[in-house]
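Enquirer: below is the sequence, then the predicted model.
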Amino acid sequence: MVNVIDYVPGDTLLHRLNPVTKLGIAAAIIVATFLADTYPMLVGLLALTFALGAYSRSMGKLVSLLKLVVPLAVVMLLLQTVFVRGGGTVFAWATTEGFVTGGKACLRLLGVALPLILMLGVTRLNDLANACVEVLHVPYRYAFTFTTALRFVPVFGQEMNAIVEAQTARGVEYDTKNPIGKLRLMLPLCVPLLVGSVGKTDATALAAEQRGFYLRTRESSFKRYPMAARDAAALALCVALVAAGVLL
């Protein structure tokens with residue numbers, strides 16, 4: 001399975017942009033998605049995300065994330081059809097206004113989840129942290145905390161898989177189709193996962209302290225992250241995208 005946090009190497013224009021610019025592109029798409037109120041604009045923003053994913057050869061990440069987000073979007077659609085009662089009845093309890101509102105909510109969910117994962121896929125986490133410190137003047141400890149939390153996501157996933165495999169080898173069946181029964185089986189696994197995560201966090205904090213974590217400043221980074229002309233052009237397009245979200 002493709003890890004949605006892993007970096008996808010490449011030499012595209014999107015890869016060469018400043019990490020702060022990539023973060024700005026993701027933020028612009030997300031803000032425009034929240035501000036847009038028409039189906040053409042919402043679908044267009046989603047299509048733009050997939051076009052950028054295809055261009056940067058990161059489509060596998062988006063497809064993997066869709067497998068997780070689409071079921072949530074379907075549940076959101078059903079909830080909207082239950083609670084939004086305006087318009088004519090389509091069938092049973094569902095109304096036209098419920099479907100319209102639910103469809104927009106689903107597109108917004110997809111439009112918010114995909115861009116950030118896409119930009120993280122074309123950006124090394126070290127570069128993202130250092131660029132935020134240098135360009136945005138974010139304190140290094142906050143940037144380090146954010147990127148370290150992202151690094152721990154796949155680690156926790158691997159540890160959970162190892163715990164499930166160990167329990168399966170002992171005769172526990174996790175392939176049940178009953179969601180409540182599966183939840184009852186998975187909840188006890190959170191205890192060893194939590195204990196292991198605390199140990200890894202302590203080890204990471206100790207290693208960072210021994211390497212002079214508290215001595216790190218904005219000027220101590222070896223690599224520089226200047227903003228180029230292509231970054232200014234990309235940020236200008238971001239502003240236009242947000243403006244389009246307001247108007248459309």
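Expert: Received the coordinates, thanks.
Enquirer: could you export the helix or strand Val242 falls within as CSV, CA atoms only?
Expert: Val242 is part of helix 229-247 when elements are defined by DSSP states H and E. Once non-C-alpha atoms are left out, helix 229-247 reads as follows in CSV (Å, rounded to 0.1, in the frame of the first residue of the first chain):
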residue,chain,number,x,y,z
ALA,A,229,10.3,34.3,-9.5
ARG,A,230,8.4,31.0,-10.1
ASP,A,231,7.3,31.1,-6.4
ALA,A,232,6.0,34.6,-6.8
ALA,A,233,4.0,33.6,-9.9
ALA,A,234,2.6,30.6,-8.1
LEU,A,235,1.5,32.6,-5.1
ALA,A,236,-0.1,35.2,-7.4
LEU,A,237,-2.1,32.3,-9.0
CYS,A,238,-3.0,31.2,-5.4
VAL,A,239,-4.5,34.7,-4.7
ALA,A,240,-6.5,34.5,-8.0
LEU,A,241,-7.7,31.0,-7.1
VAL,A,242,-9.0,32.2,-3.7
ALA,A,243,-10.7,35.2,-5.4
ALA,A,244,-12.3,32.8,-7.9
GLY,A,245,-13.6,30.8,-4.9
VAL,A,246,-15.2,33.9,-3.4
LEU,A,247,-16.8,35.0,-6.7
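Enquirer: where is the longest helix in the protein?
Expert: Of all the segments assigned as helix in the chain under DSSP state H, the longest by residue count is helix 140-169.
Enquirer: which strands and helices lie in contact with that one?
Expert: Contacting helix 140-169 under the criterion 3 or more C-beta pairs under 8 Å, 6 or more residues apart in numbering; DSSP states H and E are the following elements: helix 125-135, helix 190-210. Bear in mind the C-beta positions are built from the backbone N, C-alpha and C, glycine included.
Enquirer: export those to CSV and tack on mean neighbour count and distance to Val155?
Expert: CSV is the format used below for the helices and strands packed on helix 140-169 (neighbours: other C-beta atoms under 10 Å; distance: least, C-beta to C-beta, whole Å):
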stretch, mean neighbour count, distance to Val155
helix 125-135, 21, 13
helix 190-210, 12, 7
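Enquirer: and these, which one's lowest on average pLDDT?
Expert: Comparing mean pLDDT over the helices and strands packed on helix 140-169, the weakest stretch is helix 190-210, at a mean of 76.
Enquirer: what's in contact with that one?
Expert: Residues external to helix 190-210 that are found in contact with it (C-beta atoms under 8 Å, 6 or more residues apart in numbering): Phe144, Thr148, Phe152, Val155, Phe156, Glu159, Met160, Ile163.
Enquirer: top of those by neighbour count?
Expert: Within the contacts of helix 190-210, most neighbours by other C-beta atoms under 10 Å means Phe144, with 21 neighbours.
Enquirer: what's the closest non-adjacent residue to that one?
Expert: Excluding its sequence neighbours, the residue lying closest to Phe144 (C-beta to C-beta, 6 or more residues apart in numbering) is Ala129, at 5.9 Å.
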